[in-house]
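Chemist: Here is a sequence together with a model predicted from it:
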Amino acid sequence: MSVKFRKLALIGIGLIGSSIALAARRQGLAEVIAISTRKSETLEEARALNLGDIYTLDAVEAVRGADLVILCTPVGAYEGVIKTIAGALEPGAILSDVGSVKAHVVKVVGPHVPEGVSFIPGHPIAGTEHSGPSAGFPELFAGRWCVLTPAADVPAAQVDKLVGFWEAMGSHVECMDAAHHDMVLAITSHIPHLIAYNIVGTVADLETATQSEVIKFSASGFRDFTRIAASDPVMWRDVFLTNKEAVLEMLGRFLEDLSVLQRAVRTGDGPALEAMFARTRAIRRSIISAGQETAAADFGRPHEAPPAPAAPLFVREHGGGDDA
Ligand SMILES: NC(=O)c1ccc[n+]([C@@H]2O[C@H](COP(=O)([O-])OP(=O)(O)OC[C@H]3O[C@@H](n4cnc5c(N)ncnc54)[C@H](O)[C@@H]3O)[C@@H](O)[C@H]2O)c1
Ligand SMILES: O=C(O)C(=O)C[C@]1(C(=O)O)C=C[C@@H](O)C=C1
């Protein structure tokens, strides 16, 4: 199905808003792209990057005449934004969002959506640890899932149109219930972020000598946590404030499982540890087969062989063996 909107309004123009602007323009999905944000510096950055056609600090001006409006701010800003723009939304328009939580969005935005406007919350499961307008790139959504959580009374043709929009940007789309979304994302995205923030925070609290050694030797498991823990603080504050129940439910299960591992380590239960690690390795492999990750080691770094060290790193006192 070919999709083209007359006017696409993006409220908030960080990583996700700018990626939508770039992908929608590349695929010719909107005649006009209007961009609105809160701060003039961000708006000027978006203008310098040529992300849209209309730039305004007035969200009402951005949404006037728009047949697709997408909220791309941190979730905590939604209530204020919808109260501001509700009166300017056009009958027949689709109102959507990209927030990482969904039940809260339905709760705070839903009641303000005027009659005749189709409210279809959305969440592209695609992102990076970077934020701001210059962080966006048009391929961000390619091959990634986008979840939509339309209410039952939204016209099917409007849902199909929004599905077509995301598919044209390269996403696979699945519709589900908002509460179910929040439970699934709590364990696949929110808890992993909480764990990363926690482990990096623990390192930051270590006494100085140990902390500097962790940084020095960080080309280890720790490094992969630091990428996630560098994610936007405001966005993630809002995720944990607005998906509290699902996060606490999944955190409870996580802590129970962690105690099982703690016990296995304490009692030296090798078979239990090995069985667990074999199961998780298989999960990683199934994510790679599903095309949601590559098998390349050291993600984000060159994969050529490292240069040979000028001198042997370890000098063995006694030769022999094949483990040098
Ligand atoms: N970063 C990710 O990996 C990711 C992935 C999927 C979905 N999301 C969701 O997308 C949304 C945006 O995230 P992002 O990564 O693009 O964040 P970002 O920080 O890069 O951008 C947010 C933008 O919103 C603007 N903004 C903040 N408050 C505003 C307000 N009251 N009015 C107008 N503009 C305002 C900011 O100035 C900024 O331009 C969030 O709701 C987040 O949950 C993020
Ligand atoms: O890869 C990353 O940097 C992300 O954290 C992206 C990620 C995720 O957890 O998968 C983060 C938040 C979202 O709402 C969707 C995607």
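Modeler: Arrived safely, thanks for sending. Ligands and ions are numbered 1, 2, ... in the order given.

Chemist: Packing partners of the helix or strand of the chain with the lowest mean pLDDT?
Modeler: Within the chain, no helix or strand scores below helix 208-216, which has a mean of 79 by mean pLDDT, DSSP states H and E. Judged by 3 or more CB pairs under 8 Å, 6 or more residues apart in numbering; DSSP states H and E, helix 208-216 is in contact with helix 191-205. C-betas here are computed from N, CA, C, even on glycine.

Chemist: which residues sit against the helix it packs on?
Modeler: The contact list for helix 191-205 (CB atoms under 8 Å, 6 or more residues apart in numbering) reads 211, 214, 222, 225-226, 228-229, 231, 236, 239-240, 247, 250-251, 254.

Chemist: average model confidence for the helix or strand hosting Val234?
Modeler: Counting by DSSP states H and E, the element that carries Val234 is helix 233-242. When pLDDT is averaged along helix 233-242, the result is 98.

Chemist: Please identify the buried residues of that helix?
Modeler: The neighbour-count check on helix 233-242 (16 or more other CB atoms under 10 Å) flags Met235, Trp236, Asp238, Val239, Phe240, Thr242 as buried.

Chemist: Please name the nearest non-neighbouring residue to the second one.
Modeler: Nearest residue to Trp236 in three dimensions, chain neighbours excluded: His193, at 5.9 Å (CB to CB, 6 or more residues apart in numbering).

Chemist: now swap in Cys175 and tell me
Modeler: Closest to Cys175 by CB to CB, 6+ apart is Leu148, at 4.9 Å.

Chemist: what about Asp182, is that helix, strand or coil?
Modeler: Following DSSP: H, G, I helix; E, B strand; the rest coil, we place Asp182 in the helix state.

Chemist: Can you give me the neighbour number for it?
Modeler: Applying other CB atoms under 10 Å, we find 27 residues neighbouring Asp182.

Chemist: what's the answer for Ala88, then?
Modeler: 19.

Chemist: Look up how far Arg25 lies from it.
Modeler: For Ala88, the distance to Arg25 (CB to CB, to the nearest Å) stands at 23 Å.

Chemist: Gly76 now?
Modeler: For Gly76, the distance to Arg25 - CB to CB - is 28 Å.

Chemist: what's the answer for Val184, then?
Modeler: 31 Å.

Chemist: for Ala103, same thing?
Modeler: Distance, Ala103 to Arg25, by CB to CB: 32 Å.

Chemist: between the two, who's got more neighbours?
Modeler: The neighbour comparison of Ala103 against Arg25 (other CB under 10 Å) goes to Ala103, with 20 against 17.

Chemist: What residues does the closest residue to that one other than its chain neighbours make contact with?
Modeler: Sequence neighbours aside, Ala178 is the residue nearest to Ala103 in space, at 4.4 Å (criterion: CB to CB, 6+ apart). Residues near Ala178 by CB under 8 Å, 6+ apart: Lys102, Ala103, Val105, Val106, Pro121, Thr149.

Chemist: Now the buried members of those residues.
Modeler: Lys102, Ala103, Val105, Val106, Pro121, Thr149.

Chemist: and the residue nearest the centre of the chain, how far is that from ligand 1?
Modeler: Geometric centre of the chain, nearest residue: Gly127, 4.0 Å, by CA atoms, centre = their mean. Distance, Gly127 to ligand 1, by CB to the nearest ligand atom, to the nearest Å: 2 Å.

Chemist: what helix or strand is that residue on?
Modeler: Going by DSSP H and E, Gly127 is not in any helix or strand.

Chemist: Tell me the residues of the stretch 201-324 of the chain that contact ligand 1?
Modeler: Proximity of the stretch 201-324 of the chain to ligand 1, by CB under 6 Å from any ligand atom, involves residues Asp232, Met235.

Chemist: Would you map the helices across the stretch 201-324 of the chain?
Modeler: Residue ranges of the helices in the stretch 201-324 of the chain, as given by DSSP state H, counting those that start in this stretch, are 208-216, 221-229, 233-242, 244-267, 270-289.

Chemist: circling back to that earlier point, now for the residue nearest to the centre of the chain: which residues touch it?
Modeler: Listed by CB under 8 Å, 6+ apart, the contact set of Gly127 reads Leu15, Ile16, Leu140, Ser231.

Chemist: could those residues be laid out in a markdown table, adding neighbour count and secondary structure?
Modeler: Shown next, in a markdown table, are the contacts of Gly127 (neighbours: other CB atoms under 10 Å; DSSP: H, G, I helix; E, B strand; the rest coil):
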| residue | neighbour count | secondary structure |
| --- | --- | --- |
| Leu15 | 26 | helix |
| Ile16 | 28 | helix |
| Leu140 | 22 | coil |
| Ser231 | 18 | coil |
